[in-house]
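Participant: below are the sequence and a predicted model; questions follow.
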Amino acid sequence: MQDETRNTIIFLVCAFALFVLYETFVLQPAEKRQAEVAAHQRAAAAAQATTVGANPPAGSLKVPNPATRQAVLAASPRVAIETPDLKGSISLRGARIDDLFLTTYRQSVDKNAPPVELLRPEGTPQAWFAEFGWTGSSVPGLPAYDTVWTLSDGSRLAPGSPIVLTYVNGQGLTFTRRIEVDDKFMFTVSETVSNASGAPVTLAPYGSVQRQGLPPPTTNSSIVHEGAVGATGVEKPTLTLIKYKDWAKKGGGPQLPSKGGWLGITDKYWLAAIVPNQSERVTGQFTANKAGDLDVFAANVVGQPRTVQPGQTTTETTRFFAGAKSVPVLQAYEQRLGVPRFDDAVDWGHLWFLTKPIFMLLIYLYQHVGSVGVAILLLTVIVRLVFFPLANKSYESMSKMKKVQPLVEEMRKRYKDDPAKQQQEMMALYSREKVNPLAGCLPILLQIPVFYSLYKVLTVTIEMRQAPFMGWIHDLSARDPTTVWNLFGLIPWNPAHAPLIGGLLDSNLHIGVMPLIYGLTMWLSTSMSPPAGDPAQQRIFQLMPIIFTFIMAPFAVGLLIYWTWSNVLTTLQQYVIMRRFKVDNPIDRLIGRISGKAK
């Protein structure tokens, strides 16, 4: 029975180890190669300067001359955008929102790092922008991507300072576009059409977010959704997720009839999404087209057609979110504007029923202690308290097993030629001593979902991005920045620059301070468990701390803090129980050696 239990534990641990090894040594290197290929593709696309401008649903192609971002911005008159969190401009050519920086987020932890760039104008590599307008068959003079609008009111777009753009098509239709922005990330675009043509016209409003070029995968992209995202539905909103590769391969998806809802394009931390009037019926659709070698992705929302009689006007109001996927901000919009499932723009995963509560608890603790790292330590204590009764019984059973281990070894020797009798006597011994060999598995099994959920939270939530802790830890969502290969920074040398093996040292063999501390605590926790009867199993358990030190090294340092602190608490709990049952343990042996009272 004991061997079966150990085999079960070994199987579970090895299965988890294989999963992490596959992630570390197969998926992540593949993603890195894909990123390099994507970089070459972007360079080639920039050289060819093949770009697309499309007005849903018809679309139209254009091929401008190659240009830098500065040149593209200078090629059209623009209106500045200035808010507490955003800075950029709106092009009067096409009236697109296509130039945007997130001023409160930096590209790296360096205090002088530039702000995060979100939207880029068409004509530059990796263009990402939003456009709005009207579509209709047999309606002449509709504004297009190259239409030059007139700024008729306002000088810059800021909270409380809207701008008004106008365009007269010369055929009796006047188009007015009023754009507002709040103090966070939401734009409000009000489109008005006045008909003085003498004949009725039938139009349908649309909004579109477009991205040109397949972006390189980010770190941990195998567990983070990037690509199409939206919540649509007439009765009940359904979340739609399409990764970039599937999006490009399948050419998008079916039409999505909806009442309100939202559609957009998301990266790991950033989102650009069209949010139509929540009381109106609309049709959404994700499309993907090719312009030469360039993939063009679009999230389109088209409203219901309406007929504008001569002398009448019609107005459509659409919102556009462009910013960071901060959960409190998304939830505030969800409640205030009635946008369904807006916080699901964050990729909570299949274990959302765990990741969401863990995130909310982590944020609650952070708000009270002022440090995400300390909040992780407190979260670990709370998780340990939840599992305390079960873990306590498990560790009591393990302590009893360690106490009766000499008797077990004696039975193995006595009945080595009679396995049936050996098993019978061992079961009788376990029953007499009230030992449950299976009890040791339960705490490990139950903590794996929590472990994965915390990993997900640290990976996908922007609140964890660049969150500092102490000393050398400046970003809890990234790996430990130190490495043993330059003596943790004492030697002014970057192992990544080593010939031939630099990439290996910088990725798969990157071992920092925190992974080593984690490995030490895992060794101590493992040594508190009763030894395996089989010598081969003993060697496997002895190697586990070393193996997992390398496996866990590339993970977010916040996750290592959680697991290290959990190992410490586990060891303390085991130690108290073992002392109570007067069971030999490595801590007492170490204290005995230090004090000179070793037996």
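Facilitator: That came through, no problem. A quick note: this is a predicted structure, and the numbers were derived from the prediction, not measured.

Participant: hang on, residue 101 packs against residue 118?
Facilitator: Yes - with contact defined as CB atoms under 8 Å, residue 101 counts as touching residue 118 (6.7 Å). Glycine gets a C-beta too; all of them are placed from N, C-alpha and C.

Participant: so where do the helices sit in the stretch 401-550 of the chain?
Facilitator: Assigned by DSSP state H, counting those that start in this stretch, the stretch 401-550 of the chain shows helices spanning 405-414, 419-433, 441-460, 502-506, 513-527, 535-552.

Participant: mean pLDDT for these: which is lowest?
Facilitator: Ranked by mean pLDDT, the helices of the stretch 401-550 of the chain bottom out at helix 502-506, which scores a mean of 73.

Participant: buried residues in that one, which are they?
Facilitator: For helix 502-506, a neighbour-count test (16 or more other CB atoms under 10 Å) marks 505-506 as buried.

Participant: return the distance of that helix from the chain's centre.
Facilitator: 25 Å (CA atoms, centre = their mean, to the nearest Å).

Participant: who's in contact with that helix?
Facilitator: 483, 485, 494-496, 498 (CB atoms under 8 Å, 6 or more residues apart in numbering).

Participant: 6 Å instead, please
Facilitator: 485, 495-496, 498 (CB atoms under 6 Å, 6 or more residues apart in numbering).

Participant: redo those as JSON lines? Include neighbour count, distance to residue 256 and pLDDT.
Facilitator: Below are those laid out as JSON lines (neighbours: other CB atoms under 10 Å; distance: CB to CB, whole Å; pLDDT from 0 to 100):
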{"residue": "485", "neighbour count": "19", "distance to residue 256": "51", "pLDDT": "81"}
{"residue": "495", "neighbour count": "18", "distance to residue 256": "49", "pLDDT": "78"}
{"residue": "496", "neighbour count": "15", "distance to residue 256": "45", "pLDDT": "75"}
{"residue": "498", "neighbour count": "14", "distance to residue 256": "51", "pLDDT": "76"}
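
Participant: check the residues you listed and tell me the two furthest apart.
Facilitator: The span of those, defined through CB to CB, is set by 485 and 496 at 9.4 Å.

Participant: ok, back up a step: out of the helices of the stretch 401-550 of the chain, nearest to residue 160?
Facilitator: The closest of the helices of the stretch 401-550 of the chain to residue 160 is helix 441-460. By CB to CB, the value is 33.1 Å.

Participant: list the buried residues of the closest one.
Facilitator: Neighbour-count burial for helix 441-460 [16+ other CB under 10 Å]: 442-443, 447, 450-460.

Participant: what is it packed up against?
Facilitator: Contacts defined by 3 or more CB pairs under 6 Å, 6 or more residues apart in numbering; DSSP states H and E place helix 441-460 against helix 352-369, helix 388-403, helix 557-580.

Participant: of all the helices of the stretch 401-550 of the chain, which lies closest to residue 272?
Facilitator: Nearest to residue 272 among the helices of the stretch 401-550 of the chain is helix 441-460 (17.1 Å), distances taken as CB to CB.

Participant: return the distance of that closest one from the chain's centre.
Facilitator: Centroid separation for helix 441-460 versus its chain: 16 Å, with CA atoms, centre = their mean.

Participant: as a markdown table, the contacts of helix 502-506 with distance to residue 107 would be great.
Facilitator: Converted to a markdown table, the contacts of helix 502-506 look like this (distance: CB to CB, whole Å):
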| residue | distance to residue 107 |
| --- | --- |
| 485 | 26 |
| 495 | 23 |
| 496 | 19 |
| 498 | 26 |
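
Participant: from those, pick the one nearest residue 277.
Facilitator: Checking the contacts of helix 502-506 against residue 277 by CB to CB gives residue 496 as the nearest, at 51.0 Å.

Participant: quick check: closest non-adjacent residue to that closest one.
Facilitator: Closest residue to residue 496 in three dimensions, ignoring its sequence neighbours and counting by CB to CB, 6 or more residues apart in numbering: residue 506, at 3.7 Å.

Participant: domain ranges for this protein?
Facilitator: Domain segmentation of the chain under automatic domain parsing yields 2-25+357-478+511-595, 49-347.

Participant: in stretch 410-418, what's buried?
Facilitator: Quick answer for stretch 410-418 (16+ other CB under 10 Å): 411-412, 415.

Participant: so between residue 101 and residue 118, which is more surrounded?
Facilitator: residue 118 (22 against 17; other CB atoms under 10 Å).

Participant: contact partners of the helix or strand hosting residue 192?
Facilitator: Residue 192 is part of strand 186-195, with elements assigned from DSSP states H and E. Applying CB under 6 Å, 6+ apart, the external contacts of strand 186-195 come out as 132, 174-181, 201, 205, 308, 310, 312-321.

Participant: tell me the spacing between the nearest residue to residue 124 once chain neighbours are set aside and residue 293.
Facilitator: Take residue 124 and drop its neighbours on the chain: the residue closest to it by CB to CB, 6+ apart is residue 69, 4.9 Å away. Applying CB to CB, to the nearest Å, the value for residue 69 to residue 293 is 21 Å.

Participant: so for the two, which sits in the more crowded spot?
Facilitator: Legend: neighbour count by other CB under 10 Å for residue 69 and residue 293, higher for residue 69 (15 against 11).

Participant: confirm for me that the more buried one is in contact with residue 122.
Facilitator: No - Residue 69 is beyond contact range of residue 122, at 11.0 Å (criterion: CB atoms under 6 Å).

Participant: did I read that right, residue 258 in a strand?
Facilitator: Yes - with DSSP: H, G, I helix; E, B strand; the rest coil as the criterion, residue 258 is part of a strand.

Participant: check contacts around the spatially closest residue to it that is not a sequence neighbour.
Facilitator: Sequence neighbours aside, residue 232 is the residue nearest to residue 258 in space, at 3.6 Å (criterion: CB to CB, 6+ apart). Counting by CB under 6 Å, 6+ apart, residue 232 makes contact with 256, 258, 261, 284.
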